[in-house]
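>>> Next one to model:
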Amino acid sequence: MSFLLSGSCSGNLKEQLNLNVVIILLLAIAFLIVVQRNLLNLSDILHLENPDAGQSLPFESELSPELGLEPVSKGEEISVLITAAEERLGAVVAAMNSIYQNSKANVVFTIVTLNDTVDHLNVWLSKTRLKDVKYKIVIFKPELLSGKMSKESQMLQDAQPLTFARFYLPVYLPEAEKAIYLDDDVIVQGDIQELYETNLKPGHAAAFSDDCDSASVKGIIRGAGNQNNYLGFLDFKKDAIKQLGMRANTCSFNPGVIIANLTEWRNQNITLQLEHWIELNSREDLYSKTLAESSITPPLLIVFYKRHSAIDPMWHVRHLGTTGAGKRYSPQFVKAAKLLHWNGHYKPWGRTSSFSNVWDKWFIADPVGKFIPVRKSPGDH
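Residues are numbered from 1 along each chain as shown. As a prediction, the model looks like this:
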């Protein structure tokens, strides 16, 4: 009996061992299945979080979506139009240099100038560090405005004909869908692509910086008082202005920096609208009597009333060319600004401008020696 019991126990033990082995194998298989599924799920999650993995991403694609930017495809041409008057050619070169050195984007400059400046400009660009800059030169034709202007405006046009080039952006940029216009008295400290990617609202042909924005000081123009609303530019006693229903206290904007949707510009015939108001002013004298220096801004204010988008204030810090700018702005604020504009009487290549040392950093000496900035005393603001 003892032998029989021993044999029976041995058989049961073997069966139990075999069962344990089977259970362990099944558990191992189940574990491997679970691990495989988890790895597949993780792969799917990563693909959803980064659908562009393995693809070539646009330059600066990490910009936050809340900035309202329209991503530019890598290599897309960014059109920048600037005018070049012979007596201010050093300003153009400094502005272009600041843009070129601060961006990796595919910037192409369109330089609008007069015949007598072309040779000088070509030498300056080809014989200096700007020799690799992409640019094309087009000649401004003053006859575009012939017969459309008042005597006062005609005098300004004769003295500064290129200032009206911004009205004709589609003429000078026929292939572009979007472009940036810049006055020559600017320095760009940020990446110009960020400015280019400013979001324009549907139906808007342009974006400007409003004169009431937080980064701007209200412009004081001699004889005009606070030049930061429509009343400072237009005569609201005239019927043609009254009939528009515009509010006189509406914030004006500065047209020294323009981001233009040229498709909308063409569709809305913006150039023809601007010419209409130039001609009407020549007959009815619609501009404010206190307007001290510009016949450019009033027609733009009319055409773009309540129909323009806004530029980030740090992308147009202005009034650096007015009296006391060195006291209004701290050096730290000027350093943080993306774009500086010396609008006003005092230019950074002159004797008494504030923060001319910032401009000096981007200026490239004229290889033929015609343009020589007037230097200030060190540290004089």
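>>> Pull the contacting residues for the residue most central in space within the chain.
The residue lying closest to the centre of the chain (C-alpha atoms, centre = their mean) is residue 195, at 2.5 Å. By C-beta atoms under 8 Å, 6 or more residues apart in numbering, the residues touching residue 195 are 180, 188, 257, 259, 311-312, 315, 338-339. C-betas here are computed from N, CA, C, even on glycine.
>>> Determine how far the one helix or strand it maps to lies from the middle of the whole chain.
Secondary structure assigned from DSSP states H and E places residue 195 in helix 192-196. Between the centre of helix 192-196 and the centre of its chain there are 4 Å (C-alpha atoms, centre = their mean, to the nearest Å).
>>> Then stretch 170-189?
For stretch 170-189, the distance to the chain centre is 9 Å (C-alpha atoms, centre = their mean).
>>> residue ranges of the helices in the chain, please?
Ranges of helices in the chain, per DSSP state H, are 2-49, 89-101, 118-126, 151-159, 169-172, 192-196, 239-242, 262-267, 270-284, 297-303, 325-328, 331-336, 356-360.
>>> buried ones in stretch 282-298?
282, 286-288, 291, 294-298 (16 or more other C-beta atoms under 10 Å).
>>> Repeat that for stretch 76-87.
78-85.
>>> Give me the mean pLDDT for that stretch.
For stretch 76-87, mean pLDDT rounds to 96.
>>> Also stretch 120-139?
97.
>>> can you give me how far it is from the chain middle?
Here the centre of stretch 120-139 is set off from its chain's centre by 22 Å, with C-alpha atoms, centre = their mean.
>>> Return the member of the contacts of residue 195 nearest to residue 29.
Nearest to residue 29 out of the contacts of residue 195 is residue 312 (C-beta to C-beta; 59.9 Å).
>>> Please name the nearest non-neighbouring residue to residue 129.
Take residue 129 and drop its neighbours on the chain: the residue closest to it by C-beta to C-beta, 6 or more residues apart in numbering is residue 364, 6.6 Å away.
>>> correction: residue 185
Spatial nearest neighbour of residue 185, chain neighbours left out: residue 342 (4.4 Å); criterion: C-beta to C-beta, 6+ apart.
>>> wait, doesn't that neighbour sit right on residue 350?
No. Counting by C-beta atoms under 8 Å, residue 342 stays clear of residue 350, with 9.1 Å between them.
>>> Give me the more crowded residue out of those two.
Taking neighbours as other C-beta atoms under 10 Å, residue 342 and residue 350 compare with residue 342 leading, 29 against 15.
>>> just to revisit the earlier point, including distance to residue 21 and pLDDT, could the buried residues of stretch 282-298 go into CSV?
Converted to CSV, the buried residues of stretch 282-298 look like this (distance: C-beta to C-beta, whole Å; pLDDT from 0 to 100):
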residue, distance to residue 21, pLDDT
282, 103, 88
286, 99, 93
287, 99, 89
288, 98, 82
291, 98, 58
294, 94, 70
295, 97, 82
296, 91, 91
297, 90, 93
298, 94, 95
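>>> wait, which of those is closest to residue 108?
residue 296 (24.4 Å).
>>> what's the closest one in contact with, if anything?
Applying C-beta under 8 Å, 6+ apart, the residues near residue 296 are 163-164, 166, 255.
>>> Swap in 7 Å and give it another go.
The neighbours of residue 296, taking C-beta atoms under 7 Å, 6 or more residues apart in numbering as the test, are 163-164, 255.
>>> count of neighbours near residue 358?
20.
>>> So it is in contact with residue 187, correct?
Yes. With contact defined as C-beta atoms under 7 Å, residue 358 counts as touching residue 187 (6.3 Å).
>>> what residues do those two have in common as contacts?
Counting by C-beta under 7 Å, 6+ apart, the contacts common to residue 358 and residue 187 are residue 340.
>>> Tell me who's in contact with residue 352.
For residue 352, the contacting residues are residue 346, by C-beta under 7 Å, 6+ apart.
>>> Kindly apply the preceding question to residue 347 instead.
185, 321, 353.
>>> same deal with residue 80?
Residue 80 touches 99, 107, 109, 180, 182, 192, counting by C-beta under 7 Å, 6+ apart.
>>> Export those residues as TSV, with columns for neighbour count.
Output for those, formatted as TSV (neighbours: other C-beta atoms under 10 Å):
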residue	neighbour count
99	28
107	20
109	23
180	23
182	25
192	22
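>>> so which of the buried residues of stretch 76-87 comes closest to residue 131?
Of these, the one sitting nearest to residue 131 (C-beta to C-beta) turns out to be residue 84, at 16.9 Å.
>>> Does the closest one touch residue 121 like I think?
Yes. The criterion here is C-beta under 7 Å, and residue 84 meets it with residue 121 at 5.8 Å.
>>> which residues do those two both contact?
Residues touching both residue 84 and residue 121 comprise 111, 113, with contact defined as C-beta under 7 Å, 6+ apart.
>>> any low-confidence regions in the stretch 201-350 of the chain?
213-227, 289-293 (pLDDT under 70).
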